[in-house]
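> what's the 3D shape of this:
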Amino acid sequence: MKLKEINRTAIQSWSPAQHHPVYLAAGTSAQQLDASFSTSASLEIFELDLTEPSLDMKLRGAYSSSHRYHKLAWGPHGMDAQGLPSGVLIAGGENGDVILYDPAKIIAGHSDVVIAQSNKHSGPVRALDVNSFQTNLVASGGNESEIYIWDLNNFGSPMTPGPKTQPLEDISCVAWNRQVQHILASASPSGRASIWDLRKNDLIIKVSDHSNRMHCSGLEWNPEVATQLVLASEDDRMPVIQIWDLRFATSPLKVLENHTRGVLAIAWSLADPELLLSCGKDNRILCWNPNTAEVLYELPTSTQWCFDIQWCPRNPAVLSAAAFDGHISIYSIMGGSSQAVSQTQADTISTSFGNMDPFGMGQTLPPLQLSQAPPASTTITPLKKPPKWIRRPVGASFAFGGKLVSLENIKPNPQQPQQPTAHVVHISQVITETTFLERSSQLQATLAAGSFIDFCQKKMDSAQNEFEKTVWSFLKVNFENDARGKYLELLGYKKEELAAKVRLEMNPSSGTGSVDGLITQALLTGDFEGAVELCLHDNRMADSIILAIAGGAELLEKTQRKYFTKTHSKITKLISAVVMRDWRDVLQTCELQNWKEALAAVMTYAQPEEFSSLCDLLGCRLEAVEDSTLQAQACLCYICAGNVEKLVSCWTRAQDSHCPLSLQDLVEKVVVLRKAVEQNQESGPSAVGLLLGERMSQYASLLASQGSLTNAIAYLPQNTEQVAVQQLRDRLSRALGQQAPAAAPVAQLSSPQPTAPQPRQLFTPAQPSMVSQQPYSAPPPPSFSSHSPQAPAPGFMPQYTQQPLYPPPSMGPQNGWNDPPTLNRVPKKKKVPENYTPPSPITAPIFSPLGAGDPQQPPYMPPGQAQNQGMQQQMAPPPMNPGMLKTRGGSVEGAPGAPTGDVIQPLQSIPAEKITMKPIPAEHLVLKNTFEGLIHKCLAAATDPQTKRKLDDANKRLEALYDKLREQTLSPAIIGGLHNMVQCIESRSYVESLNIHTHIVSSSNFSETSAFMPVLKVVLTQANKLGV
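Got it, this is the predicted structure:
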């Protein structure tokens, strides 16, 4: 894409790479005249400012010179010493002058800009180059084989690299080697290049083309390989670029041929040795990869020749081209849009007229409107490959599942640039939370073994604080007998200790005065008799009578004598609640500091159907207060109630849920509590709430980030509409190589009929639709959605993603629309022994309709299968028409009740004896698909009936090839050739495919290929003719 433009007929040179900002020097070109026939000359310096959208470059300095120039070279000499802040600009004049300019003074507008000048050369100086290692050394070339080496520190005494070459001729190019500082190359228009060694002060080798038609216009050294250089030919009869290697200097190593007329200039990128620019008389600027001789990019240029082209040393993507039309254009090799260029040209035309009336029409000119071309027509294609300066030497990126993908671009060997370099991508598993994974594995092992009591006990032993120990104690009680009694003991109420206290209080000599407390404890533990005795002892007649009524007729008799005594105390409300069974009012009005007493009362007296709601009520009151200690105690109420969602909410508020180990603590409690609820309640667990779904999704994401994908997908809730959960499930399924989850048909069944016991999955009341029969050594994932606490039957492990109700149709080889019908032959059905049990299909035991083909039950069934038979039969699909038989792949052999294929064929139409045709091996199936696809394309494009008949016949005759592929009777050489033909067909290189065809026929046994190779030739010829 064009970036800037200078309206000058001039030669050019970029400022050194160390200089900033970027400048471009332009000197009036010798032996060229502009349209005004001006004979004046100047040396100008322009600044490259890519932030300005206009095409114009800013002129920073100009110097009127008496010389016209053949060559400019801008070196960094003197920039370090601060004596020459912008370096030195060396110019080669038309009268043999070599002039040194100070660019800083030109930019500043000074008149004394010439540092030094010499007219040592006898003719025009057409070649200049600055040594990249010793920047004070400059080589120049002129007429009569004159080559001088100038030391800018001692400019008056140049040296020569050696004796003049014979015969004497002009020097058109000089270039210092990019790797060895004392090697210099020169070239002449005759086509000969000379290599000089300045240490020996002699010529060491000559390079010339044997055709004697080379007219050297350019010479460049390889930036990386010290022995390689390129020569460009200006001769229209030989418009080539030759790559020479001095180790094999007898002939060119490679020849780049794409220009149609002579090449005028070349430039090799120092930033990327795989980029070589050339411009020629065919008005083209090409960018080559010299290692492969491929044209990577063609710049959009004008209709005039470009006689000089240069890379910008500081910005490797920028280049400049000087053309004979009086313009120096600045381009970007990275492509872009040329729309700004067209708009700039239109603005220039409009502003040149202004608002004048040039035609005397009495009206001003309207703004120039450009036709709106489609954007695609103005977009310039960038390079075919990324240049070296934007390639990453190394790179790393984290992928899903804790995978770290890293790459390293190994630097190729400069001496063997054509050798392919190995590009290795490393994929490693990164684990940062080792403790988290260990605890997750322990939880998985506990769920697999069912040892929840031991797990809770270990958690109690390792608890960091008393509250944590209490929480695990409450969770452990859920798996023990007499859970309510154990809850009371945890709350501090033990019946044995209470009885001893009652006896102590009844002793007159040792009264403690804490009668109310003892009565309360007696009531909380259901000891009515002890409570009545205490009331009688304390002269509480009314309390004793009321309690006697609740305690039974016998107790009531004992207290009737003192019924007239009435008294009021602090525990009247508790007595009323015990008698009236109104515990909800007690929980709503009690002091929260006495929450243990309230919870103990609910443990003792609440009915099972209201127990959970009462515990929830007390937990909500505790959670609503500002006291953080009481808020934390609400977790115990929710554990007693079995309310997982409330437990998650309460625990999340009290803990930092973003810490992995804190999240692991929460999940352990949730999993254990849900397991307890599943065992203690006959109904399945409630649906997963929003907050629990978020926490389990967060937990699964954390497991996935540590590489534990199988465990992660087991913890994801399935009965949720959360988009994040569904997306994570899809990613996990794809990462595990499973089918993406879909809406399982089983989940849509609303029939109340009982179904077979399903392997349980974690947090989902929906039942899985696919069960694997493959043995699986890892522990099964946690599951709490089954109605039965029993483990799944042996051999049936849960699959972690929902699969379709019926398996998809087989993806074996299928016939094309024009193929002859294949033979679907059914082998004889073998006699089945009476005690034979067919293997269960992959969908057993969920969808296997046992007995679908045989109404009688087999006499023997494996353990775990007979118990599920009745439920499996209820889920069986409706029986099929006995006159129809489903077949898959032409075979009817299989287990009774196994899911069958998609094609339904009448039973009467299948012969008794048929032979099943072998399938084509998978690695050769591409041959059949490609050849058939090509024939179909040709049939669609053909209009001649005769051609269509040929193609139809060819399609049928290719069955001979397919038969040989099925029988695997073709030699490896023929197979390899056929695959090469397929690759050419896919790239529409039919001529190359025909060449491969000829090679196969000429190098193989005729009898082996005569049945199908002539057919392939007809197809390829027609495809090439039709251009499909």
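> strands of the stretch 401-550 of the chain, start to end?
Residue ranges of the strands in the stretch 401-550 of the chain, as given by DSSP state E, counting those that start in this stretch, are 403-409, 423-429.
> for the stretch 101-250 of the chain, which segments count as helices?
Remark: helices assigned in the stretch 101-250 of the chain by DSSP state H, counting those that start in this stretch are 103-108.
> which residues in it form strands?
Under DSSP E, counting those that start in this stretch, the stretch 101-250 of the chain gives strands at 114-118, 127-130, 137-141, 147-151, 154-159, 173-176, 183-187, 192-197, 202-208, 216-221, 228-233, 241-245.
> can you lay out those as JSON lines showing distance to His19, mean neighbour count and mean pLDDT?
C-beta here means a position set from N, CA and C on the backbone, and glycine is covered the same way. Formatted as JSON lines, the strands of the stretch 101-250 of the chain follow (distance: least, C-beta to C-beta, whole Å; neighbours: other C-beta atoms under 10 Å; pLDDT from 0 to 100):
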{"stretch": "strand 114-118", "distance to His19": "17", "mean neighbour count": "15", "mean pLDDT": "93"}
{"stretch": "strand 127-130", "distance to His19": "13", "mean neighbour count": "24", "mean pLDDT": "96"}
{"stretch": "strand 137-141", "distance to His19": "17", "mean neighbour count": "26", "mean pLDDT": "96"}
{"stretch": "strand 147-151", "distance to His19": "21", "mean neighbour count": "20", "mean pLDDT": "95"}
{"stretch": "strand 154-159", "distance to His19": "21", "mean neighbour count": "13", "mean pLDDT": "91"}
{"stretch": "strand 173-176", "distance to His19": "19", "mean neighbour count": "24", "mean pLDDT": "96"}
{"stretch": "strand 183-187", "distance to His19": "25", "mean neighbour count": "24", "mean pLDDT": "95"}
{"stretch": "strand 192-197", "distance to His19": "29", "mean neighbour count": "21", "mean pLDDT": "93"}
{"stretch": "strand 202-208", "distance to His19": "34", "mean neighbour count": "15", "mean pLDDT": "92"}
{"stretch": "strand 216-221", "distance to His19": "22", "mean neighbour count": "24", "mean pLDDT": "94"}
{"stretch": "strand 228-233", "distance to His19": "27", "mean neighbour count": "26", "mean pLDDT": "94"}
{"stretch": "strand 241-245", "distance to His19": "30", "mean neighbour count": "22", "mean pLDDT": "94"}
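> could you dump these to a markdown table with distance to Asp461?
What follows is the strands of the stretch 101-250 of the chain, written out as a markdown table (distance: least, C-beta to C-beta, whole Å):
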| stretch | distance to Asp461 |
| --- | --- |
| strand 114-118 | 89 |
| strand 127-130 | 80 |
| strand 137-141 | 82 |
| strand 147-151 | 87 |
| strand 154-159 | 89 |
| strand 173-176 | 80 |
| strand 183-187 | 80 |
| strand 192-197 | 84 |
| strand 202-208 | 86 |
| strand 216-221 | 77 |
| strand 228-233 | 75 |
| strand 241-245 | 77 |
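> how about those, which one is nearest Gln304?
strand 216-221 (16.7 Å; C-beta to C-beta).
> sheet partners, orientation included, of the closest one?
Strand 216-221 sits in its sheet next to strand 228-233 (antiparallel), going by DSSP bridges.
> ok, Arg484 touching Ala601?
No. Under the criterion of C-beta atoms under 8 Å, Arg484 makes no contact with Ala601, lying 11.5 Å away.
> which one of those two has more residues nearby?
Using other C-beta atoms under 10 Å as the criterion, Arg484 and Ala601 rank with Ala601 on top: 24 against 16.
> run through who's touching the one helix or strand the more buried one maps to.
Assessed by DSSP states H and E, Ala601 sits inside helix 595-605. The set of residues external to helix 595-605 that reach it, using C-beta atoms under 8 Å, 6 or more residues apart in numbering, is 484, 487-488, 491-493, 520, 523-526, 574, 577-578, 581, 583, 586-587, 590, 611, 614-615, 618, 622, 630, 633, 636-637, 640.
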